[in-house]
Structure formats: structure tokens, C-alpha cells
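Undergrad: Need coordinates for the following:
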Amino acid sequence: VSHRLAFEQRDPVDLEPRQLALRSVAGAQRDAPEGREPEDPSEADEANEGEGAHRVEMETLEGLPALPRAKLFGLEVSSQRRPARSSAFACMKNCPQCKMRYPNEAVYCFVDGADLVPLRDPRIGSTVAGRYVIDEVIGEGGMATVYRATQKLTERVVAMKIMNASLAREAVVRERFRREAKNAQKLSHPNIIEIFDQGETEDGTAYIVMEMLVGSSLADVISKGGMPIKRAVGLMIQIARGIARAHDLDVIHRDLKPENIFLCKRTDGPEFVKLLDFGIALSKQDSRLTGAGEIFGTPQYMAPERITAGEPGPAADLYSLGVVFFEMLTGQLPFDAPDIATFFNKHLKEPPRAPRSLNNLVPVPLEDLVLRLLAKDPKARPVDAHRVHADLLDMARDADVAIPSVPESEAEAERTIRNIRPRPAPRVAV
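TA: Alright, predicted model coming up:
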């Protein structure tokens with residue numbers, strides 16, 4: 001679950017987990033116990049930011065009740081991976097008489113007893129911008145819904161991401177949506193999703209047209225456990241290539257996680273990696289959208305400096321990469337925590353577990369790379385994503401792993417990287 005976090009600039013290092021509390025302002029109206037009004041009338045206004053885009057404040061509380069924070073504050077944060085959320089329309093029903101909505105497993109309306117019917121997305125079957133026919137819903141999040149669509153002229157199947165109508169008037173959200181398309185188009189790399197088009201629907205809602213990917217997310221794969229080492233290394237090489245390209249063009253992803261890494265199926269070779277969702281990416285050429293003290297991203301994958309300073313550099317992406325690599329090798333996160341506050345404290349103060357303590361098949365050099373990526377001090381991490389890529393290539397050759405081919409357009413850059421990279425550190429026997 002991704003959360004939008006806002007907090008006063010206190011140093012969380014000096015706070016114990018028990019002193020940290022999280023209060024959902026966006027859900028205050030919805031989650032308040034019976035008979036309790038929101039503490040602040042502005043809380044109801046904050047709810048308009050959209051479901052799933054919680055605004056959270058960190059504060060110190062004395063005498064915190066002995067209840068799970070997730071239950072107390074209406075937030076659920078777990079170190080266990082949860083299945084990806086499907087579309088709200090695809091997994092809900094409504095009553096044809098009173099129009100009340102129900103989860104998909106419900107059968108009849110408890111108000112009037114009528115049989116429930118699947119809730120149909122009104123955009124299905126419509127044409128956007130005169131050239132894209134919406135076929136079906138394939139995913140949904142707090143900011144947008146993703147549809148399978150067909151381009152009328154070429155009959156090419158594409159993915160169309162349309163912003164939720166409730167957010168259409170939010171200037172900052174619209175700008176983030178626009179930058180997602182701009183950043184991805186600027187990067188233009190085989191391991192980054194390709195953006196074909198962008199614009200607005202007839203009702204003024206922003207949309208992005210992307211290539212349609214066939215396969216599964218990395219999150220779906222590692223939810224079943226750690227990956228075989230050779231497969232993991234081949235995918236890590238491609239992930240590092242995509243991140244290196246983004247950093248070369250001064251774009252920092254800021255939300256690297258398995259859900260934003262897609263594994264495409266290919267008939268002519270091994271699976272191919274695509275990096276997704278540059279919606280909260282930061283480019284040095286863009287003006288700042290994040291307010292002072294605000295953090296965007298997913299707590300389980302946040303670098304320590306993002307928690308304390310909020311202004312990330314490329315090294316913050318490398319830390320997130322370390323968490324992802326750890327998960328690929330072990331099927332688990334490097335830190336086990338029941339809530340956001342504890343995750344933050346562990347990112348800041350606790351050394352990560354060694355991957356080999358969970359999977360003794362992990363080669364020592366690969367474990368060393370993952371732990372360097374997870375260093376608390378950004379300066380102790382690899383110098384850049386190119387260094388990570390070069391180290392992975394060396395490990396792949398030593399372990400007789402098939403190195404993913406470099407598309408012709410990237411071949412010259414790859415040769416340059418190999419020629420200028422520093423001599424590798426002495427290898428440790430597995």
C-alpha cells in the first residue's frame with residue numbers, strides 16, 4: 001500500500017516506535033468510531049484526495065492505548081505481501097433498486113433483498129479522443145483506472161490509464177499524472193514502459209496511452225517465494241539498466257517496488273523487464289510539487305534519507321533496489337514490521353537481515369551487493385546504477401548465467417559503460 005505522508009520535521013531517530021502514531025486524515029470521516037466527529041472540520045475536505053491516497057500525519061502521543069495501531073488508526077500496513085488490488089468496478093456489485101454497492105462475494109441486498117448485479121464501468125464500450133475504444137478494465141488504483149483499449153485506425157491493442165474523475169480538478173495530481181507520461185517518454189528505454197499518447201477525455205479527465213504488456217508483475221512472482229538465483233540475476237541486470245537510464249537523464253523514480261516492475265512474456269527469448277509508474281518520479285528539470293515535510297512512496301521500500309530529509313537523490317532508488325533484490329532472493333522483506341512507524345525506525349536504525357540467513361543458495365558476492373545497496377549512509381552504497389549493473393554482469397559470467405541481450409539501440413551505450421567501469425573488487429568464493 002502506498003501512502004502519502006506528511007509530518008513535522010522532527011528527527012524520528014530519537015523517537016521510539018511506541019511514541020510514534022499515525023492518524024489517517026483522509027479517512028477520518030469514514031473511519032471515525034460511531035458518535036465521534038472528526039477532530040478538525042478540514043479532515044472532511046482532505047477526504048476528497050481520493051481513496052487509497054491517504055494523507056498521514058506523524059506525531060508523538062503519550063499513553064497510546066494498547067491496541068494495534070493498524071486497527072486504532074484505520075490503516076493497515078504489513079510486512080506480508082498482499083494480492084494486487086483489481087478494479088473497483090471489476091470486483092463490486094450493486095443493488096439495482098437502491099444502488100448500494102457491495103463486495104463481489106455478496107449475493108443480495110440486505111436493505112431490500114434484491115439480487116445484486118455486477119457493477120459495470122460506464123467507460124466500457126466508449127471511444128476516447130475519437131480513436132481509442134475502451135474494451136475492459138484491467139487494473140485500478142487510488143489515482144487512476146487502467147483499461148485495455150483498441151486504437152481504431154491501426155487496431156493496435158494498448159493500455160489506457162485514465163485519471164479518476166474525483167481527482168480531475170486537483171492541480172497537483174493532474175501535474176503528477178502529466179509528468180508520469182513526460183518522464184517515461186523522455187527516458188525511451190527498452191526496460192521502461194513506452195508511452196504512445198496523452199491527453200484529456202471529453203469530460204476533461206487526463207489519460208495516458210501506453211504499450212499493452214503481457215505477463216505478470218514481479219510482485220505476483222515473488223508472492224510465491226524467492227526466485228531461483230539464475231533467474232533473479234538475469235532480471236536484476238535488466239532492472240539496473242532501466243534505473244541507470246532514468247538516472248542518466250536526472251529522473252529519480254521514488255517508488256521502486258515489485259508492483260512497479262513487470263515481467264513480459266516473450267516467444268523468442270527470456271522474460272523481459274519493464275519499469276512502470278513514474279507518477280511520483282522527480283526530475284531536476286521539474287518544479288517541486290512535494291510540500292515541505294511531505295514524503296511520497298511506499299514505506300517498506302523507503303531509503304532512510306527520504307524519511308528524515310524527504311528530498312531523494314539517485315542513491316534513494318538504489319536503496320529501494322536493494323529491498324527489491326532482497327525480496328527476489330528470499331521472498332521476504334529485509335525488515336519485519338507491523339506498522340509504518342516501525343518500518344521507518346528499522347530503515348533508520350536496524351541493520352537488515354543477511355539474505356543468506358533466509359536462503360543459503362544466495363552467492364556471497366550477491367549478498368554483499370544487496371547489503372551495500374541497503375546501507376544506511378547513501379555514500380556507502382554503490383556509486384550509481386551503472387556500478388550495480390557492472391557488478392551483476394560479473395556475477396552472471398562467474399555463475400554461467402545467460403546475460404540478457406542488449407537491444408541494438410542500447411548497444412553502443414552498453415559498450416561505453418563496460419569500457420569505463422572501474423576494476424571489480426576481489427571476488428569471494430561461494
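
Undergrad: which residue ranges form the helices in the stretch 51-200 of the chain?
TA: Taking DSSP state H, counting those that start in this stretch as the test, the helices found in the stretch 51-200 of the chain are 69-73, 171-187.

Undergrad: Can you tell me which of those helices is most buried?
TA: Neighbour counts (mean count of other CB atoms under 10 Å) averaged over each of these peak at helix 171-187, with a mean of 19. (Glycine included, C-beta is placed from N, CA and C.)

Undergrad: average pLDDT for that helix?
TA: Mean pLDDT, helix 171-187: 77.

Undergrad: same check, this time on stretch 300-320
TA: For stretch 300-320, mean pLDDT rounds to 88.

Undergrad: same question, stretch 235-251
TA: Mean pLDDT, computed over stretch 235-251, is 94.

Undergrad: in it, what's buried?
TA: Going by neighbour count (16 or more other CB atoms under 10 Å), the buried part of stretch 235-251 is 235-247, 251.

Undergrad: Extract the CA atoms of stretch 114-130 and return them as CSV.
TA: C-alpha atoms of stretch 114-130 as CSV (Å, rounded to 0.1, in the frame of the first residue of the first chain):
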residue,chain,number,x,y,z
ALA,A,114,-32.9,-7.7,-4.4
ASP,A,115,-30.4,-9.8,-6.2
LEU,A,116,-27.1,-8.0,-6.8
VAL,A,117,-25.7,-7.3,-10.3
PRO,A,118,-22.1,-6.7,-11.3
LEU,A,119,-21.2,-3.0,-11.4
ARG,A,120,-20.3,-2.0,-14.9
ASP,A,121,-17.7,0.7,-15.6
PRO,A,122,-19.5,3.3,-17.7
ARG,A,123,-16.5,3.9,-19.9
ILE,A,124,-16.6,0.3,-21.3
GLY,A,125,-17.5,0.5,-25.0
SER,A,126,-17.0,4.2,-25.2
THR,A,127,-14.5,5.9,-27.6
VAL,A,128,-11.9,8.3,-26.2
ALA,A,129,-10.4,11.2,-28.3
GLY,A,130,-12.2,9.7,-31.3
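
Undergrad: average pLDDT for it?
TA: Stretch 114-130 comes out at a mean pLDDT of 88.

Undergrad: list the buried ones in it?
TA: Using 16+ other CB under 10 Å as the test for burial, stretch 114-130 gives L116, L119, D121, R123, V128.

Undergrad: Which one of those is nearest to V107?
TA: L116 (6.4 Å; CB to CB).

Undergrad: isn't that closest one right up against M92?
TA: No. Using CB atoms under 8 Å, L116 makes no contact with M92, being 9.3 Å away.

Undergrad: Now for the two: what residues contact both?
TA: Shared contacts of L116 and M92 (CB atoms under 8 Å, 6 or more residues apart in numbering): Y102.

Undergrad: okay if I get the helices of the stretch 51-200 of the chain as a markdown table plus distance to R381?
TA: Formatted as a markdown table, the helices of the stretch 51-200 of the chain follow (distance: least, CB to CB, whole Å):
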| stretch | distance to R381 |
| --- | --- |
| helix 69-73 | 30 |
| helix 171-187 | 22 |
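
Undergrad: Out of those helices, which is closest to D255?
TA: D255 sits nearest to helix 171-187 of all those, at 10.8 Å, using CB to CB.

Undergrad: by contact count, what packs against the closest one?
TA: Packing partners of helix 171-187 (3 or more CB pairs under 8 Å, 6 or more residues apart in numbering; DSSP states H and E): strand 157-163, strand 195-200, strand 206-211, helix 229-248, strand 251-252, strand 282-283.

Undergrad: which helices and strands does the first one pack with?
TA: Pointing back at strand 157-163 there. Strand 157-163 is packed against strand 132-140, strand 144-151, helix 171-187, strand 206-211, with contacts defined by 3+ CB pairs under 8 Å, 6+ apart.

Undergrad: can you check the third one too?
TA: Packed against strand 206-211, as judged by 3+ CB pairs under 8 Å, 6+ apart, are the following elements: strand 157-163, helix 171-187, strand 195-200.

Undergrad: Low-confidence regions, the chain specifically.
TA: 1-91, 279-296, 310-311, 407-430 (pLDDT under 70).

Undergrad: Count the neighbours of K265 for me.
TA: Using other CB atoms under 10 Å, K265 has 11 other residues around it.

Undergrad: now swap in S166 and tell me
TA: S166, neighbours per other CB under 10 Å, totals 14.

Undergrad: again, but for K230
TA: Using other CB under 10 Å, K230 has 13 other residues around it.

Undergrad: just T145 next, same as before
TA: Neighbour count for T145, taken as other CB under 10 Å: 23.

Undergrad: hang on, the earlier thing: which of the buried residues of stretch 114-130 lies closest to T298?
TA: D121 (26.5 Å).

Undergrad: The closest one reaches T145, doesn't it?
TA: Yes. Using CB under 8 Å, D121 makes contact with T145 at a distance of 7.3 Å.

Undergrad: Which parts of the stretch 251-400 of the chain are strands?
TA: Taking DSSP state E, counting those that start in this stretch, the strands of the stretch 251-400 of the chain run over residues 251-252, 261-264, 272-275, 282-283, 294-297.

Undergrad: Just want the phi and psi numbers for Q97.
TA: Phi and psi for Q97, reported as degrees, to the nearest 10, are phi -100, psi -60.
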